[in-house]
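Q: Sequence first, predicted model second:
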Amino acid sequence: MDDVNIENWKTEIRRGLIEMCILALLRRREMYGYEISKTLRQMTNGALYVEEGTLYPLLRRLENKGYIKGDWRIREGKARKYYELRPKGLIILKAMTDFWFKVSDAVYKVLGEVDNE
Amino acid sequence: MSNDEREAMELIEEYLTDVREHLPEDIADDVVEELRTHIIDESMELGGLTARNVYKVIRKLGDPRELASKYVVGRRKKVLSFEFGISEDLYPYFVQISFLISILLIIGYVIRIIYIIARYSSATSLIYVPMLLAELIVSIALTILLLYVIMSFFSSNPDLKSVLQKVLREIFGEPEKIKRKYFIREKKKEEIPPKKPEKPLEIKKEVKQREVRVRGVSTITRLMILIGAIFEISLAYLFYISTYYIAFNWLSMNFIMTIIIALVLGFIVDVSHFFYIGYTDKKSYLVPVINSLVSLIFIPWLMQVNIFTADLQIPSIDPELFRREDYYNFLKYIVMIPIPSDMLLLAKMLSLLFIVIIVVNAVISILKYIRTSPKRKAEEILLSMKQEE
């Protein structure tokens, strides 16, 4: 696999995970876009860092799908668009995490067997 | 507000205006506002609201057109989209290819001209050389136009764009960065030693944010629209006056009448737009559609040109009158001469090409408007929600 293909592969994997992680973050509390970006970067040591140019359109898509809801609120004297998880998003998050744990277990198993050979 | 902060705000506004241009109307306000708060927030974290910091944040957000395209990616996924304008990544290649094609065409035509001069008598070559030069200009213009349309098409579709980019990079190598407005501004900034970042008070930030929100369409844009309208009506008047001094045949007269109607309509649209902006503080998305529909009135004349090409006239300067130095009325110098028979085919082709361009442009602008209209968007969301449920 050359450099270009590995990058594509990483992007594909990351794309799905970022969606799941954003929903998981919003399950804890409501956040605004830049806050989501910073939290993701800090919590994952940059492994799941998402450029803001990708994050904001992604938030819009999640909002359009009805998974999250964005509202303009003034906090600490600043107007920002805060996102919160909606019931539909919670259902999706549950389905995503279930699948993720199942798959990651399986992948670990496979990788472990490969390493042992 | 310091000069640096003002410059930073201007940079933000310029960027957001570019993003807005490519966004669907119904989401534009919300998206732009969210991006604005983000740019201000991140710039503040970088050490203050300066043009330098704003530029860094904007660079991270990426090309305005690409950023906007990510917001509509779901809707455009299945259909190939088209929008005029070449993306920043492809633009250097467009310039390079246009230049190469122009050089090749010029070399080709120079060879043809030398051949004609060598082969025919001087009198004959005198007629052919200007014609060949005109043909050369038309060829270059049409080729560049075609290239522009093709590259706009690739720019409008991210997947196709990356394929073309790879191919062009293989052929031409890494392009030299084109210094567009954001980059020129940044370069200027870099020459000045960076100031010690000062962190303004929260209240100060609030004032800035409010100032930016109040600002909609700039006065210069409004003024440009008004100047455009005045120019159109003046030109219409000039065309009207010309009918008294120049001997037009029926076909040319039809053209004059068509262009006068188009310019007057353009004037009405621009003046209405001027007042519309005054009342609402935002540009109307309907104006490009109306303008493209107005251009449809040229089609009957272009069809006449295609059928009765021999009746086409070309404006020329009368050397006799010019020698008399009668500067009282320059329209008197202009005489209409019949089109040379050698150019009939070229005129026929050009008339057809213009018909195609006008129709395609009208269709694209209507489709674009329908796709971005709020009603349509609401229907799409309802439909997708129903499908998901």
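A: Happy to help now that I have it. In this text the structure is predicted, and so the values were computed from the model without any measurement.

Q: pLDDT of the strand or helix carrying residue B:113, averaged?
A: For residue B:113, the host element (DSSP states H and E) is helix B:91-119. Mean pLDDT, helix B:91-119: 85.

Q: From the contact counts, what lies against it?
A: Contacts defined by 3 or more Cβ pairs under 8 Å, 6 or more residues apart in numbering or on different chains; DSSP states H and E place helix B:91-119 against helix B:122-156, helix B:158-172. Glycine gets a C-beta too; all of them are placed from N, C-alpha and C.

Q: what is the orientation angle of it with helix B:158-172?
A: Compare the direction of helix B:91-119 with that of helix B:158-172 by axes from the mean of the first three to the mean of the last three Cα atoms, to 10 degrees and you get 60 degrees.

Q: quick one: buried residues of helix B:91-119?
A: Under the neighbour-count criterion of 16 or more other Cβ atoms under 10 Å in any protein chain shown, helix B:91-119 has B:91-94, B:97-98, B:101-102, B:105, B:109, B:113, B:116 buried.

Q: for stretch A:74-88, same thing?
A: Within stretch A:74-88, the residues that count as buried by 16+ other Cβ under 10 Å are A:80-83, A:85-86, A:88.

Q: can that stretch be found next to chain B?
A: Yes: applying Cβ under 8 Å from any Cβ of the partner chain, one finds stretch A:74-88 touching chain B at A:76-81.

Q: Flag every buried residue along the helix ranked longest in chain A.
A: As assigned by DSSP state H, the longest helix anywhere in chain A is helix A:87-116. For helix A:87-116, burial by neighbour count (16+ other Cβ under 10 Å) applies to A:88-89, A:92-93, A:96.

Q: hmm, back to that, out of the residues of stretch A:74-88 next to chain B, which are inside strands?
A: Among those, the ones falling in strands (DSSP state E) are A:78-81.

Q: want to throw these into a markdown table with pLDDT?
A: Output for those, formatted as a markdown table (pLDDT from 0 to 100):
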| residue | pLDDT |
| --- | --- |
| A:78 | 84 |
| A:79 | 86 |
| A:80 | 90 |
| A:81 | 92 |
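
Q: Neighbours of the closest residue to chain B within chain A, how many?
A: Nearest residue of chain A to chain B, counting by Cβ to the nearest Cβ: residue A:57, 3.7 Å away. Neighbourhood size, residue A:57 [other Cβ atoms under 10 Å in any protein chain shown]: 19.

Q: circling back to that earlier point, need the buried residues of helix B:91-119 in TSV with distance to residue B:292, can you?
A: Formatted as TSV, these follow (distance: Cβ to Cβ, whole Å):
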residue	distance to residue B:292
B:91	24
B:92	29
B:93	28
B:94	23
B:97	28
B:98	25
B:101	28
B:102	29
B:105	30
B:109	34
B:113	39
B:116	41
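
Q: tell me which of the residues you listed is nearest to residue A:30?
A: Distances from residue A:30 to these, taken as Cβ to Cβ, are shortest for residue B:91 (40.6 Å).

Q: so what does whichever helix or strand residue A:16 is part of touch, helix or strand wise?
A: For residue A:16, the element it lies in under DSSP H and E is helix A:3-28. Helix A:3-28 sits against helix A:33-43, helix A:52-64, strand A:68-75, strand A:78-85, helix A:87-116, with contacts defined as 3+ Cβ pairs under 8 Å, 6+ apart.
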